[in-house]
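[1] what's the 3D shape of this:
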Amino acid sequence: MRGALRVHEADNVATAIADIALGEALFADRDIRAAVAVGRGHKVALAPIARGGDVIKYGFAIGTATANIAPGEHVHSHNLATALGSDGDYSYTPAPNRTAPAASARTFSGYVRRDGRVGTRNEIWILPTVGCVGNLAARVARIAGERHAGRVEGIHAFKHPFGCSQLGDDLGHTRALLAALAQHPNAGGVLIVGLGCESNQLGALIDLIPAERRAHIRTLSAQAVEDDEAACLALVDELVAGCADTPRRDVPLSRLVLGVKCGGSDGLSGLTANPLVGRMADAVAAAGGKVVLTEIPEIFGAEQILMDRAVSRAVFDETVALVRDFKDYFIRNGEPVSENPSPGNIAGGITTLEEKSLGAVQKGGKVPVVDVRRYGGEATLPGLTLLEAPGNDAVSSTALTAAGATIILFTTGRGTPLGFPAPTLKIASNSALAQRKAGWIDFDAGTVLDTGFDSAADALLDLIAATASGAATRAEKNEERDIAIWKSGVTL
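    Numbering: from 1, shown residues only. Predicted coordinates for the structure are as follows:
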């Protein structure tokens, strides 16, 4: 290896792992030279590719050449286009059973809740049913946080603009998402604050929460009391008293629920950070834990890979329905299903959705797909669960939290400061980003190009265990804690 990396023996392109100058050799052992200067993460042709021919990366076609391409030429949006359409014929061809990796003996120190689930934090969460009381929730969180500093690991309000003027499934999405967050094991206590006249009525939201999971939840309708701030603070005092003395206990890795996510990806994401996270998914699943993968539009073009890992025909059928429903969502709104990658992805070297998706699905490792959950649903089975949510970073990461993820691994090639209710580890695809944005990034996956995957995997698994045991992420230190709800319908 010199300046470029070929992922699969069938590939007719390689990816620059550093900036390559005009005339520079791509490999130490092959005389292929760059015909133009190529930036890190971008593709270079390894063989002649005729116009209309397949461009192959990861061993799969990532699109069609729109011009004749000579060896050494830059391959990108000027000569490569997606071949992805809205249709898709999927076959049920289960992959052979594979040998699972040895289960890790690692443990972490977590909070064992009444129903047996394990949290990685012991916090108080304040959830407004509607945007009208978002500032009230934030004010109460700030005052209560100062009042109870050190008694719990944080008091956080999660503001959002929705909950009123919504109809049908759109309102249902908001209600289901908030009900799921209220049950999260990282929240030792939850205050749900309503206004009183909103569409998202408190009673209907509480009805979505099983009775056995309501003991740590309090509710308040702001219009029903004279001093809403004082009433909220009194309820938070009660919640803090109920969970402040909860101890951490040593538990196996199997008690972890791992959410996997990518955002601001570049051409190296599918070579370094995403396959590294895939190893974490393998490790957690091998121990008996749960892994959740979402961003359904960002598996278009690679969905058959996941379908082949379905543990049953029923799970395969649910996966097909999930993908087709999401494609229909695009079509109903008059958008092509291939309207991706983003401008940042393109600048980082990703050209087509097929290329982005083939890199993105690697976050799920080789874990069998055991379940499919719709938006606001909870992952309940050991193994890999596919979760309905769009690719948007904030919306999908919130959905991962609502599904029960107690740690989120967020890979990025471009960087982002965002943080979410569950502890979120930012994993850089390249060392330059990790060094430049050290205040955002928790782990440098660019090291795999120098030291290999094994040592990086050991180090990242250690960091996951430490984070699950209470070590703060960069986003937590920066007080980056937000939610976003999927708005998919009409606003009155």
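[2] Quick check: buried residues in the helix ranked longest in the chain?
    In the chain, assigned by DSSP state H, the helix with the most residues is helix 313-332. Across helix 313-332, burial judged by 16 or more other C-beta atoms under 10 Å covers Val315, Phe316, Glu318, Thr319, Val320, Leu322, Val323, Phe326, Lys327, Tyr329, Phe330. To be clear about C-beta, it is placed using only N, CA and C from the backbone, and glycine gets the same treatment.
[3] Stretch 363-374 too?
    So for stretch 363-374, counting by 16+ other C-beta under 10 Å, buried means Lys363, Gly364, Gly365, Lys366, Val367, Pro368, Val369, Val370, Asp371, Val372, Arg373.
[4] quick one on the thing from earlier: now for the longest helix of the chain, which elements pack on it?
    helix 303-307, strand 369-373 (3 or more C-beta pairs under 8 Å, 6 or more residues apart in numbering; DSSP states H and E).
[5] starting at the chain centroid, how far to that helix?
    Relative to the chain's own centre, helix 313-332 is displaced by 19 Å; criterion: C-alpha atoms, centre = their mean, to the nearest Å.
[6] tell me which residues of the helix or strand just after it are tucked away?
    Once the chain leaves helix 313-332, the next helix or strand it forms, by DSSP states H and E, is helix 343-347. Within helix 343-347, the residues scored as buried using 16+ other C-beta under 10 Å are Gly344, Asn345, Ile346, Ala347.
[7] Can you show me the CA trace of helix 343-347 as CSV?
    Coordinates of each C-alpha in helix 343-347 appear next as CSV, following Å, rounded to 0.1, in the frame of the first residue of the first chain:
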residue,chain,number,x,y,z
PRO,A,343,-22.6,18.1,-0.6
GLY,A,344,-20.2,17.3,2.2
ASN,A,345,-20.2,13.6,1.2
ILE,A,346,-19.4,14.6,-2.4
ALA,A,347,-16.6,16.9,-1.3
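[8] Output the longest strand anywhere in the chain as PDB - backbone C-alpha positions only.
    When the chain is parsed with DSSP state E, its longest strand is strand 187-194. Output of strand 187-194 as PDB, limited to C-alpha atoms (Å, rounded to 0.1, in the frame of the first residue of the first chain):
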ATOM      1  CA  ALA A 187     -33.300   8.100  32.700                       C
ATOM      2  CA  GLY A 188     -33.700   7.400  36.400                       C
ATOM      3  CA  GLY A 189     -36.600   9.800  36.400                       C
ATOM      4  CA  VAL A 190     -38.700  11.400  33.700                       C
ATOM      5  CA  LEU A 191     -41.000  14.500  33.900                       C
ATOM      6  CA  ILE A 192     -43.400  14.800  30.900                       C
ATOM      7  CA  VAL A 193     -44.700  18.400  30.700                       C
ATOM      8  CA  GLY A 194     -47.700  19.200  28.700                       C
END
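[9] What is the subsequent helix or strand relative to it?
    From strand 187-194, the next helix or strand downstream (DSSP H and E) is helix 202-206.
[10] mind saving the C-alpha coords of that following helix as PDB?
    What follows is helix 202-206, C-alpha atoms only, in PDB (Å, rounded to 0.1, in the frame of the first residue of the first chain):
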ATOM      1  CA  LEU A 202     -50.600  13.600  27.900                       C
ATOM      2  CA  GLY A 203     -53.100  10.800  28.500                       C
ATOM      3  CA  ALA A 204     -52.700   9.400  25.000                       C
ATOM      4  CA  LEU A 205     -48.900   9.500  25.300                       C
ATOM      5  CA  ILE A 206     -48.900   7.800  28.700                       C
END
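[11] what's the closest of the buried residues of stretch 363-374 to Glu229?
    Ranked by distance to Glu229 (C-beta to C-beta), the buried residues of stretch 363-374 are led by Arg373 at 36.7 Å.
[12] residue contacts, the closest residue in space to the closest one that isn't next to it in sequence?
    Distances taken as C-beta to C-beta, 6 or more residues apart in numbering place Leu387 nearest to Arg373, at 5.1 Å, with adjacent residues excluded. Contacts for Leu387 (C-beta atoms under 8 Å, 6 or more residues apart in numbering) come out as Val292, Leu293, Thr294, Val372, Arg373, Tyr375, Gly377, Ala379, Ala399, Leu400, Ala403.
[13] what is the spatially most central residue of the chain paired to in the beta sheet?
    Nearest residue to the geometric centre of the chain (C-alpha atoms, centre = their mean): Lys261, 2.3 Å. Here Lys261 sits in beta bridges with Phe410, going by DSSP bridges.
[14] list the contacts for it?
    Thr294, Glu295, Lys363, Asp393, Ser396, Ser397, Leu400, Ile408, Leu409, Phe410, Thr411.
[15] And those, which is closest to Val36?
    Closest approach to Val36 among those (C-beta to C-beta): Thr411, at 28.4 Å.
[16] what sits against that closest one?
    Contacts of Thr411 (C-beta under 8 Å, 6+ apart): 261-263, 265, 269, 273-274, 276-277, 363, 427-429, 445.
[17] from those, which two are the most distant?
    The widest separation within the contacts of Thr411 (C-beta to C-beta) is 15.7 Å, between Gly263 and Leu276.
[18] pLDDT (mean, whole number) over the longest helix of the chain?
    Per-residue pLDDT over helix 313-332 has a mean of 94.
[19] contact partners of that helix?
    Contacts for helix 313-332 (C-beta under 8 Å, 6+ apart): 86, 88, 90, 92, 94, 296-297, 299-300, 303, 306-307, 310, 336-337, 339, 369-372, 374, 386, 388, 390, 488.
[20] Report the angle between it and strand 369-373.
    If you take axes from the mean of the first three to the mean of the last three C-alpha atoms, to 10 degrees, helix 313-332 sits at 40 degrees to strand 369-373.
[21] What are the phi and psi values at Ala45?
    Geometry field for Ala45 lists phi and psi as phi -70, psi 140, criterion degrees, to the nearest 10.
[22] could you check the distance from it over to Arg106?
    As defined by C-beta to C-beta, to the nearest Å, Ala45 lies at a distance of 43 Å from Arg106.
[23] Tell me which of the two has more neighbours.
    Comparing Ala45 with Arg106 by other C-beta atoms under 10 Å, the one with more neighbours is Ala45, at 24 against 17.
[24] which residues pair with the more buried one across the strands?
    Beta-bridge partners of Ala45, as defined by DSSP bridges: Val13.
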